[in-house]
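Trainee: With the input below, show me the fold.
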Amino acid sequence: MHRIGFVVFPKFQLMGFAAVSAFEMANVALGEPVYGIELLSERGGEVKSSAGFGVLTKSFDSTLYDTVMFGAGTTIEPSTPGLIEFAHHALETARRVAAPCTGAFVLAESGLLDGRRATTHWAFARQLQERFPAVKVEEDRIFIVDGSVWTSAGMTASIDLALAMIEKDHGPQVARSVARKLVVYHRRAGGQSQFSALLELDPKSDRIQRSIDYAKANLRSVLSVEELADAARLSARQFSRAFRAETGQSPAKAVENLRVEAARLMMEHGRHSMDVIAEEAGFADSDRMRRAFLRALGQPPQTIRRNARESA
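Mentor: Numbering: from 1, shown residues only. Below is the predicted model:
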């Protein structure tokens with residue numbers, strides 16, 4: 001049995017337990033308890049989550065675990081000496097140590113990430129790099145494995161992390177079975193930029209929002225600055241300045257992201273050829289679409305489609 005110690009601390013975020021569900025479903029898929037999970041904390045007993053209710057935990061001791069996974073919180077709090085000491089113990093004794101989301105700050109504060117590649121939630125990636133310059137932060141990755149240390153992006157990325165562990169332990173067929181039970185992709189395509197850049201397009205004014213709505217409804221159009229400015233009822237110069245100020249992106253970059261997202265959805269849920277998808281999404285041709293995908297998601301369209309079909 002693979003013994004997993006899941007570490008929590010006051011105000012931990014419950015979504016981290018999504019990884020626990022993946023290991024639970026692996027037990028179901030294999031028909032036997034191949035993973036045993038224990039909730040751990042520095043002092044043991046009840047630990048309150050950020051949602052306000054608690055879970056019962058076992059205190060840190062000399063028990064050996066195959067995998068130790070550190071939970072995450074919605075805010076970054078200083079790690080206690082006991083937590084740092086246990087992180088060092090885990091690195092020395094466990095086969096692998098994992099930290100989804102902001103749990104990476106616990107490992108970084110413990111010095112366990114010095115000289116290693118790591119990731120965290122995109123919203124905290126720059127803070128992680130600034131506070132711990134010895135860490136090689138890659139903010140667009142869903143998860144990273146560097147030796148025995150595993151880190152992942154936001155809370156739901158802990159599922160991607162757990163699926164990768166299950167695949168390493170029991171093979172791709174079991175991991176695919178678990179992914180189907182959880183109704184998630186076996187291997188998620190793209191990096192965090194598909195969530196951070198696209199979901200951050202949140203303008204403050206109705207005029208800029210109107211231009212975005214117009215772009216979404218007219219992706220096959222050229223969508224020049226002049227065309228979008230006309231939809232917003234602003235001059236081209238006023239529009240460009242206001243758009244960047246409110247969204248943090250240029251109009252051209254925002255349009256490209258919208259086209260990539262529309263094309264990605266067509267690839268994952270339809271059977272159109274790449275040429276048809278490129279035309280429908282407003283790319284001049286499939287080659288331009290490919291370059292846009294590499295810029296936005298870090299993977300070509302063919303990989304996105306293949307991963308979607310494998311997961312299906």
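Trainee: where does the stretch 1-150 of the chain dip in pLDDT?
Mentor: Along the stretch 1-150 of the chain, the parts satisfying pLDDT under 70 run over 140.
Trainee: At which residues are the strands of it located?
Mentor: 2-7, 35-41, 45-48, 54-59, 67-70, 96-100, 117-118, 136-137, 143-146, 149-152 (DSSP state E, counting those that start in this stretch).
Trainee: out of these, which comes closest to residue 276?
Mentor: Comparing the strands of the stretch 1-150 of the chain against residue 276 with Cβ to Cβ, the closest turns out to be strand 143-146 (32.9 Å). The way it works is simple: take the backbone N, C-alpha and C, and place the C-beta from them, glycine included.
Trainee: Show me what that closest one is packed against.
Mentor: Using 3 or more Cβ pairs under 8 Å, 6 or more residues apart in numbering; DSSP states H and E as the contact criterion, the elements in contact with strand 143-146 are strand 117-118, strand 149-152, helix 157-170.
Trainee: so which of the strands of the stretch 1-150 of the chain gets nearest residue 18?
Mentor: With respect to residue 18, and counting by Cβ to Cβ, the nearest of the strands of the stretch 1-150 of the chain is strand 96-100 at 8.7 Å.
Trainee: So what touches the closest one?
Mentor: Identification of contacts with strand 96-100 by Cβ atoms under 8 Å, 6 or more residues apart in numbering yields 16, 19, 66-72, 87, 90-91, 106-107, 112, 148-155, 157-158, 161, 165.
Trainee: Make a markdown table from the helices and strands packed on strand 143-146 and add distance to residue 204 and mean neighbour count to it.
Mentor: Compiled in a markdown table, the helices and strands packed on strand 143-146 are given as follows (distance: least, Cβ to Cβ, whole Å; neighbours: other Cβ atoms under 10 Å):
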| stretch | distance to residue 204 | mean neighbour count |
| --- | --- | --- |
| strand 117-118 | 34 | 22 |
| strand 149-152 | 32 | 26 |
| helix 157-170 | 29 | 23 |
